[in-house]
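Colleague: Need the 3D shape of this:
(chains A and B)
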Amino acid sequence: MIAIELIRNNPELVKENIKKKFQHEKLPLVDEVLTLDAELRKYKQQGNELRSKRNTLSAQIGQYMRNKEIERANEVKAEVVKNNEKIAEIEVKEAELGEKVKQIMMQIPNIIAPDVPIGKNDTENVEVKRYLEPKIPDFEIPYHVDILEKLNGIDIDSARRTSGQGFYYLLGDIARLHSAVLTYARDFMIDKGFTYVIPPYMIRSEVVTGVMSFAEMDGMMYKIEGEDLYLIGTSEHSMIGRFMNTIIPEAQLPLTLTSYSPCFRKEKGAHGLEERGIYRIHQFEKQEMIVVCKPEDSSTWFEKLYNYTVELFTSMEIPVRTLECCSGDLADLKYKSIDVEAWSPRQKKYFEVGSCSNLTDAQARRLGIRYKTEKGNEFAHTLNNTVVAPPRMLIAFIENHLQADGSVRIPKVLQPYMGGKTEISVKK
RNA sequence: GGAGAAAUACCCAAGUGGUUGAAGGGGCCUCCCUGCUAAGGAGGUAGUACGGGCAACCGUAGCGAGGGUUCAAAUCCCUCUUUCUCCGCCA
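Modeller: Next up, the predicted model:
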């Protein structure tokens, strides 16, 4: 959500930004919201004047009542009643127009960073940099579910019976590896100075509608029956929701937080083979980082954040690359976004394991996240990034560390979290 | 889950329908007095959002949130949230 003042003062800039994102169908919204806004302000002014009149007259009635001048009091009462009818009309208009303006404002995308590459969709995202040499081993890499089954590390069939498609049982050393990765990632972020947080895994509808659009909510969120509660789709929901409608003391910024949570997603729609297995599931776990900072610091934090993910993956000896989202692939709240992709030696390409976004003040405006300065309150900037999301990252992990005999090598940094094991071997 | 009590500004707190957007205290700020310290005296002090205005400023909203009653609501009614006490249940 951008500031309406920006549209009032510089509608052309907002339109240019919409064009850059190839959302030409939204161009009329800019003039539309300007008209509605002007109208809304007119009604607000009228409403204020009428309410002011009511306040004055009501005070008069009080005077008359105290002086026992019942007749005169009744005369003024009649006047106020008439006045109130007008107020009621105006207030209906105010509410209607206010709602319309808000609806449109939510659709107008955040201004994107000047250096965001222009492109229509994800095919035009731009590779920024590669880290570690992508390996193609001289033996064939099986489908990740097959590798995991060989290692006795997964039971999908039972999960289908107990829970349906999109669930899994992780077993033995693979389950332990899953936890090890999360624990390692947690400690990694703590070492970077982040505060570890375990947030609520359910949030109220009020928070849900704050952090996402209705369409996203419908496609993602599971509702708890009979309660005003939803399972979170990512810890970002409860982590950012925590600061909804709050004013943070300036001295507390930047807030640098790393959270663990399971994530629950409906993942409506059909997905191909490469998205099955443990790639796209209804329940997974994730270590996340979020930063709430002052506007002048958000660009610096953005660079730091995605580099932490790169550093984490390379420390586990997994080749990655960074990919800058082009204008058309950038979600409406985002100023700039970089995906971290891990190398898949089986598919011989990179696939997404994390996404780092600078939302500038767009999310903060929408949710009312401000900080207190000497001059007044300002909207903060918010950023979020995946630290790591097993089990998806496990696909990259086992493919990159698979050895010819079917066993999976454990890189040094994880060995302490695996009880000193150096590999996970095939069960005889 | 049951029964009861509560939510007012930076903090404590008074306030059951009309000069109360809010007494009083603490804190904080300014000044005075006091030759250190301590104490005393005078004054000031809600933040916010929105609308209007070049501005000084004016207006509207706002007493946990949302509705309602009324000419008028911190005050009466309803719903919700949170906190506290007791009981029950429970990792």
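Colleague: Name all residues that make contact with A:Met202.
Modeller: Taking Cβ atoms under 8 Å, 6 or more residues apart in numbering as the criterion, A:Met202 is in contact with A:224, A:229-232. Using the backbone N, CA and C atoms, a C-beta is placed for each residue, glycine as well.
Colleague: buried set for stretch A:238-250?
Modeller: A:238-243, A:248 (16 or more other Cβ atoms under 10 Å).
Colleague: Is it possible to get CSV of the contacts of A:Met202 that adds neighbour count?
Modeller: What follows is the contacts of A:Met202, written out as CSV (neighbours: other Cβ atoms under 10 Å):
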residue, neighbour count
A:Ile224, 10
A:Leu229, 18
A:Tyr230, 22
A:Leu231, 21
A:Ile232, 27
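Colleague: related to what we said a few turns ago, nearest to RNA strand B among the buried residues of stretch A:238-250?
Modeller: Lowest distance from RNA strand B to the buried residues of stretch A:238-250 (Cβ to the nearest atom of the strand) belongs to A:Ile248, with 12.3 Å.
Colleague: neighbours of the residue lying closest to that closest one once chain neighbours are set aside, just the number please.
Modeller: Ranked by Cβ to Cβ, 6 or more residues apart in numbering and with sequence neighbours excluded, the top spatial neighbour of A:Ile248 is A:Tyr371, at 4.4 Å. The criterion is other Cβ atoms under 10 Å. On that basis, A:Tyr371 has 25 neighbouring residues.
Colleague: What lies in contact with the one helix or strand A:Tyr371 maps to?
Modeller: Secondary structure from DSSP states H and E places A:Tyr371 in strand A:369-372. Residues external to strand A:369-372 that are found in contact with it (Cβ under 8 Å, 6+ apart): A:240, A:243-250, A:252-253, A:292, A:294, A:363-364, A:377-380, A:382.
Colleague: Now, the residues you listed that are in strands?
Modeller: A:246-249, A:292, A:377-379, A:382 (DSSP state E).
Colleague: Also within reach of RNA strand B: list those from those residues.
Modeller: Intersecting the ones in strands among the contacts of strand A:369-372 with the contacts of RNA strand B gives A:247, A:377 (criterion: Cβ under 7 Å from any atom of the strand).
Colleague: Among the ones in strands among the contacts of strand A:369-372, list the two that are farthest apart in space.
Modeller: Across the ones in strands among the contacts of strand A:369-372, the longest distance by Cβ to Cβ is 16.7 Å; it joins A:Pro249 and A:Thr382.
Colleague: can you list the weak-confidence ranges in the stretch 201-350 of chain A?
Modeller: Confidence mapping of the stretch 201-350 of chain A against pLDDT under 70 gives the ranges A:269-270, A:273-274.
Colleague: I'd like the buried residues of stretch A:238-250 as a markdown table, with distance to A:Lys86 appended.
Modeller: Shown next, in a markdown table, are the buried residues of stretch A:238-250 (distance: Cβ to Cβ, whole Å):
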| residue | distance to A:Lys86 |
| --- | --- |
| A:Ser238 | 44 |
| A:Met239 | 46 |
| A:Ile240 | 41 |
| A:Gly241 | 39 |
| A:Arg242 | 42 |
| A:Phe243 | 40 |
| A:Ile248 | 41 |
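Colleague: didn't A:Pro390 look like it was pressed against A:Ala180?
Modeller: No - with contact defined as Cβ atoms under 8 Å, A:Pro390 does not reach A:Ala180; the gap is 9.2 Å.
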